[in-house]
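K.L.:
based on what follows, work out the 3D shape:
(one chain, ligands or ions: 1)
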Amino acid sequence: MCGIVGYIGDEDIKEVLVDGLRELEYRGYDSAGIAVLQDNEIQSFKAVGKLKNLEEKTKNFNPHAFGMGIGHTRWATHGKPTEINAHPHLGEFSYVVHNGIIENYQELKKELQAEGVRFLSQTDTEVIVHLFEKSYKALNDPMQAFEATVNKLEGAYAVLLMTKVDPDRIYFAKNGSPMIVGNNDKNDIFFGSSDAALIGKATEVIYLDDGDYGYTSAKEGITLLHNGKEKTLNKKALLGDKISAQKGGFRFFMEKEIYEQSEVLVDTVMGRALDTKIQFEELDPNFFDGIDGITICACGTSYNSGLACAYLFERQAKIRTNVEIASEFRYKEPLLDPKTLFVVISQSGETADTLEALKMARDAGLKTLAICNVDNSSIVRISDYTLLTRAGIEKGVASTKAFATQVMVMWMLSLYIAQHKKTMSEEEISAEIQAIRHIPQAVKVNDKLHEKVKRLSKRYLHGHGFFFIGRDLFYPLALEGALKLKEISYLHAEGYPAGEMKHGPIALADSELFTIALMPKNIHYDKVKSNVEELSARDATILAISPERFELADDYVHTYCSDHAMSEFFEMMVVTQLLALEISVRLGNDVDMPRNLAKSVTVE
Ligand code: F6R
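P.N.:
Numbering: from 1, shown residues only. Reported below is the predicted structural model:
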């Protein structure tokens, strides 16, 4: 996702900014920009694509004297990845960079446009700079104008603003998106949306809290406010190396990405799950006209998310849905009906089999929709429509947050279609939206749970195999749990429908067969329970994951969400991810780069 840097000092400002942005590259981006204020002049540069394009554009710009600057890497959410949409955004005399999403930007934009303000970009961010300038013209005080601006913003933001009317200061605000401000021994000031951008530069830092805002200048240092009152600076020494900073203090990228799920799901939902309806700005209102079925096509984890959501499409949107493994679909000579919506799911957007299946559907005249994490990827470019999952870059080869955000996007899509087809009442949709909003909480990893799974993991390092079992939506989750485990532990694991065990696999049951039983309260609890009892009667070793204590289980992980099947789904997803992680750690494997696997499979 997006990255922010800022600097006040007498080092080469361009170098400091671009170097900071380079440290944030791992988050993923599709355009970048900087603005530098020196001698009351602001110079700004933007480029689409990688930082080397920005470096090329700025190669003759050498701001060596004292000054200040802000920089940004953008991961497109509102508006395409173009130069105009790249940050910094400018008004008449000010520049702004922003991470997050301003939820009420349309309202604010309309108000400003009605007053004659001209917008250049399609972004939500641009409202910030225009609001600031409007407030400044009314109040004639930059700090008050900034405060008034921040008070009007709803949603998540980390903002840096520079203005010619107060050329010594950088203004900042943070709510919901991370922002760090720091200084070195010379009192140069640095900003970053992650400490990766500050390591090796700042010696002490302040991790801003939601609702913090203020300004910095070389003379005044850092002035921090909260609710209009000045706040004590809680400075911490900045230690560590760059790689561990990128990992945010976690041992592995996969671990970080599991913990990050709560935060990224907020981004996935933002501006889409409104109070009483689902809105996708990316889809036009006629998007679903003439469609009477859905085919979902994907590979690996993305296939598992599609399989799970097919239950939702049929149950909620009452639309016939089938799910295909892309490598199979390509060669089965499928019958393609132009009334079918063809949905491809891909984290990378480059998976060869999925891409080729998509081309087949497109060539057969089907309407196509990509659920994807990487804008501008091959799959996105070819599809008629795209819903970005907004998971940010995923580094661990074993996919975690990409899966979570895919499921979330498709859950919202099933409600969107239900709205369109009127297969659910407004009350039912609102209740689902309430459940959606609870998910970031449901996937939060607490220390007790992680510790429990860590301890449990030592009992599951041998045996002749794992069966992850579940019913309904929890069957694809069982498939995904098994896939995670085999990818990084190299132990044999299968996902199976709980009711299907007695049709064959139960022959394997003995004390060395490990069964991970997904036993949600909201979906067929009693049926799964009796399936697990059958395994227990044959002495299989059972780890039950459930809100209900299950006496016959050898081990038990207590889950807490029982209000809605989907919150159970997401909570159990985290448990299976942690289990795979901890088993892999105990076996001494490379968690982030398991043997024989690649992050993006661009060959068939
Ligand atoms: C599993 C995993 C793979 C991918 C699969 C599809 O952890 O990462 O199974 O899900 O290769 O990749 P994308 O989603 O990029 O199309």
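
K.L.:
CA atoms for contacts and neighbours, from now on please.
P.N.:
Fine.

K.L.:
please state the backbone phi and psi of the residue of the stretch 151-300 of the chain found nearest the ligand?
P.N.:
With C-alpha to the nearest ligand atom, the shortest gap between the stretch 151-300 of the chain and the ligand falls at Gly300, namely 3.3 Å. Torsion angles at Gly300 (phi, psi; degrees, to the nearest 10) stand at phi 60, psi -130.

K.L.:
could you do Leu366 as well?
P.N.:
Phi and psi for Leu366, reported as degrees, to the nearest 10, are phi -80, psi 150.

K.L.:
contact partners for it?
P.N.:
336-342 (C-alpha atoms under 8 Å, 6 or more residues apart in numbering).

K.L.:
returning to what we had before: how many neighbours does the residue of the stretch 151-300 of the chain closest to the ligand have?
P.N.:
Gly300: 14 surrounding residues under other C-alpha atoms under 10 Å.

K.L.:
check which helix or strand Ile436 maps to.
P.N.:
Using DSSP states H and E, Ile436 sits within helix 426-442.

K.L.:
other SSEs contacting that helix?
P.N.:
helix 253-269, helix 401-421, helix 565-586 (3 or more C-alpha pairs under 8 Å, 6 or more residues apart in numbering; DSSP states H and E).

K.L.:
which parts of it are buried?
P.N.:
429-430, 432-433, 435-442 (16 or more other C-alpha atoms under 10 Å).

K.L.:
so that helix versus helix 401-421, what angle?
P.N.:
170 degrees (axes from the mean of the first three to the mean of the last three C-alpha atoms, to 10 degrees).

K.L.:
within reach of the ligand, which of the buried residues of helix 426-442 are there?
P.N.:
The overlap between the buried residues of helix 426-442 and the neighbours of the ligand (C-alpha under 6 Å from any ligand atom) is empty.

K.L.:
for Gln246, state which of those is nearest.
P.N.:
Pro440 (22.0 Å; C-alpha to C-alpha).

K.L.:
wait, the closest one touches Ser262, no?
P.N.:
Yes. Pro440 lies in contact with Ser262 (C-alpha atoms under 8 Å); the separation is 4.2 Å.

K.L.:
test my guess that Ala442 contacts Cys561.
P.N.:
Yes. Using C-alpha under 8 Å, Ala442 is in contact with Cys561, at 6.9 Å.

K.L.:
joint contacts of these two?
P.N.:
567-568, 571.

K.L.:
which of the residues you listed are buried?
P.N.:
567-568, 571.

K.L.:
any chance of these in a markdown table with distance to the ligand as columns?
P.N.:
Converted to a markdown table, these look like this (distance: C-alpha to the nearest ligand atom, whole Å):
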| residue | distance to the ligand |
| --- | --- |
| Ser567 | 21 |
| Glu568 | 21 |
| Glu571 | 18 |
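
K.L.:
give me the beta-bridge partners of Ile296?
P.N.:
Val323, Val343 (DSSP bridges).

K.L.:
ok, it - contacts?
P.N.:
Ile296 touches 306, 321-324, 342-345, counting by C-alpha under 8 Å, 6+ apart.

K.L.:
my guess is Ala580 meets Leu483, correct?
P.N.:
No. With contact defined as C-alpha under 8 Å, Ala580 does not reach Leu483; the gap is 9.2 Å.
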